[in-house]
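In: coordinates for the following, if possible.
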Amino acid sequence: MSILSVKVTKKLVFIIILIICLFYFTYIYLNINVENTDDKISDNESIATPPLLLNGRKRPKQGYVVSVVRIEKNCGDIKNIMIENCLKYLDENEDDYMISFPTTAGVSPPPPCDRDHSPMLFHVFWKGQITDKLVLMMKSFLYSQPLECSTLYVWLDDINDTNFNDNEQIRPLLKYSPTNIEFKIWNASEQFSSSDVYAGWQKHYYSTRSVKLSDLVRFVVLHNYGGIYIDADVLLVRDMRPLYYANFEFSYRWSYLNEYNTAVLRLWKESSSSEMVIRGAIKNNMSFHPFNISKYLSTHENFILQETNKLIYMLPPGLFDPLWLKQDSKQSSSVLSPNLRKLTDAFDPNIIPDEIPGIDHSKFDGSPLDIRKIENFFRGIFTYHWHNQWDVKIHRKSWIGVIQTAYDNFLSGKRRNLYNEYIFE
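Out: Sure thing, here's the model as predicted:
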């Protein structure tokens, strides 16, 4: 055998070995349990691995945050940028708008995602008996956020000796308490006594109980604890770390108006922004309505966004509320994916005309479940706000029903989440 043929043979053997190794390590990588479990699995226990989600996402890189300049460029001009183009950018261009945390003297970078560091802190408020709607929001938190470094505070008012074990909705989630979900009782006297910023609250609080209590609670708990407040009718969709650790506080735009929608609100603990809002609201008969927030942040009667954005940044609505502009007839020609027309469509078990681009609704005779998949629900959004449809039943075949089923299957170990992670039941 010639020297040349020996070299070719060795090279061929090396290539074959390399391919085998690549297949082996790829198999191992795709079938490990990435996170989301404290359960210990014995060596002899057989694990049924949920199938891989082929169009899943990757968790954000450690220490990366969003660039508000690039998001504004591609999503901010709602008169000229359609929401579908904003979502396409958010879905396909993370490498563009996710940037390494800027090095600033005296400012700490985002901590590693582990139990040795303080977690991301989320808040939600609920008054009355716990229902499937609040539980849906809680499941969205478990489904989307990195549980090694995330905690949800569920603030409850008027629960009247509720036994969580007797509530079939909440019972399956109790195993995540208190590490990931912590139930807290809303006590006004306790929360308001924590700081002199609340001076004078007694004059107005008990006489204005008809005012939406959650408008008040969000600013108080964020001032006292910091974190992100999420309304109970908002679903968390993507890992919030790049927004949570960005170097600005934020809410988002009220549809096409230059007013805040505080359904998603990020404030730092004891921040000057929250102090300005709280002091302003107390002077204004305890009114924390979103339309008043800009007035409290501004030193002028006619505020401008450049001024208020320095305190609480007003992000574009497409990141959190993709249907709102279409619902309000400001982007009537928008073709979304799914191409819903109004907010109630997400609860409709029937197929909406032109719901899925490329599928002829008049000729489609299959089940809505054949075309409705959670991974294709407004790709790119960080949250989904379904706006107060508290009494609407969740049908299994509706988009919200599909999402609820995905949450339940994930929490029972039957499927992966959008980050291809799974848990052991």
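In: who are the contact partners of residue 149?
Out: When contacts are counted by Cβ atoms under 8 Å, 6 or more residues apart in numbering, residue 149 touches 111-115, 117, 119-120, 241. Heads up, the C-betas are built off the backbone N, CA and C, glycines and all.
In: ok, 6 Å please
Out: Contacts here follow Cβ atoms under 6 Å, 6 or more residues apart in numbering; on that basis residue 149 touches 113, 119.
In: just the strands in this structure please.
Out: 64-66, 98-100, 120-127, 150-157, 181-185, 227-230, 234-236, 249-253, 260-267, 312-315, 383-385 (DSSP state E).
In: can you list the strands that the last one pairs with?
Out: Which is strand 383-385. Strand 383-385 has the following sheet partners, assigned by DSSP bridges: strand 234-236 (antiparallel).
In: about what we covered before: columns mean neighbour count on top of the strands of the chain, output as JSON lines?
Out: Conversion of these to JSON lines gives the following (neighbours: other Cβ atoms under 10 Å):
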{"stretch": "strand 64-66", "mean neighbour count": "22"}
{"stretch": "strand 98-100", "mean neighbour count": "14"}
{"stretch": "strand 120-127", "mean neighbour count": "22"}
{"stretch": "strand 150-157", "mean neighbour count": "21"}
{"stretch": "strand 181-185", "mean neighbour count": "16"}
{"stretch": "strand 227-230", "mean neighbour count": "24"}
{"stretch": "strand 234-236", "mean neighbour count": "22"}
{"stretch": "strand 249-253", "mean neighbour count": "23"}
{"stretch": "strand 260-267", "mean neighbour count": "24"}
{"stretch": "strand 312-315", "mean neighbour count": "22"}
{"stretch": "strand 383-385", "mean neighbour count": "22"}
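In: now residue 350, what are its backbone angles?
Out: phi -90, psi 150 (degrees, to the nearest 10).
In: quick check, pLDDT for the closest residue to it other than its chain neighbours.
Out: In this structure, residue 350 finds its nearest non-sequential neighbour in residue 368, 7.0 Å apart by Cβ to Cβ, 6 or more residues apart in numbering. For residue 368, the pLDDT comes out at 95.
In: residues near residue 368, how many?
Out: Using other Cβ atoms under 10 Å, residue 368 is surrounded by 21 other residues.
In: then residue 92?
Out: Other residues close to residue 92 by other Cβ under 10 Å number 11.
In: please tell me how far residue 314 sits from residue 258.
Out: 7 Å (Cβ to Cβ, to the nearest Å).
In: check residue 360 too.
Out: The value you get for residue 360 to residue 258, if Cβ to Cβ is used, is 40 Å.
In: ok, now residue 192?
Out: Where residue 258 is concerned, residue 192 sits at a distance of 31 Å (Cβ to Cβ).
In: nearest residue to the middle of the chain?
Out: residue 236 (2.5 Å; Cα atoms, centre = their mean).
In: ok, that one touching residue 138?
Out: No. Between residue 236 and residue 138 there is no contact under Cβ atoms under 6 Å: 9.7 Å.
In: re earlier: which stretch among the strands of the chain comes nearest residue 351?
Out: Of all the strands of the chain, it is strand 383-385 that lies closest to residue 351, at 19.3 Å by Cβ to Cβ.
In: so for the closest one, mean pLDDT?
Out: 98.
In: with stretch 320-332 instead?
Out: Computed over stretch 320-332, the average pLDDT equals 97.
In: that stretch: which residues count as buried?
Out: Across stretch 320-332, burial judged by 16 or more other Cβ atoms under 10 Å covers 320-327, 331.
In: equivalent analysis for stretch 292-312, please.
Out: Those would be 292-298, 303, 308-309, 311-312, for stretch 292-312 by 16+ other Cβ under 10 Å.
In: ok, stretch 399-412 next?
Out: For stretch 399-412, a neighbour-count test (16+ other Cβ under 10 Å) marks 399-407, 409-411 as buried.
In: residues contacting it, please?
Out: 136, 139, 143, 346-347, 372, 374, 394-395, 415, 417, 425.
In: before we move on, what about stretch 80-94?
Out: 74-75, 318, 322, 325, 331, 334-336, 379-380.
In: distance of residue 298 relative to residue 310?
Out: 11 Å.
In: same question, residue 168
Out: Distance of residue 168 to residue 310, given as Cβ to Cβ: 47 Å.
In: ok, now residue 201?
Out: Counting by Cβ to Cβ, the gap between residue 201 and residue 310 amounts to 27 Å.
In: wait, residue 317 sits on residue 326?
Out: No. Using Cβ under 6 Å, residue 317 makes no contact with residue 326, being 10.6 Å away.
In: more neighbours: which of residue 192 and residue 258?
Out: Remark: of residue 192 and residue 258, residue 192 carries more neighbours, 19 against 12, as counted by other Cβ under 10 Å.
In: got the contact list for the more buried one?
Out: By Cβ under 6 Å, 6+ apart, the residues touching residue 192 are 198, 201.
In: give me the pLDDT value at it.
Out: In this model, residue 192 is scored at 94, pLDDT.
In: who's in contact with residue 419?
Out: 57, 59.
In: if you set the cut-off to 10 Å instead, what comes out?
Out: 34-36, 53, 56-60, 143-146, 238-239 (Cβ atoms under 10 Å, 6 or more residues apart in numbering).
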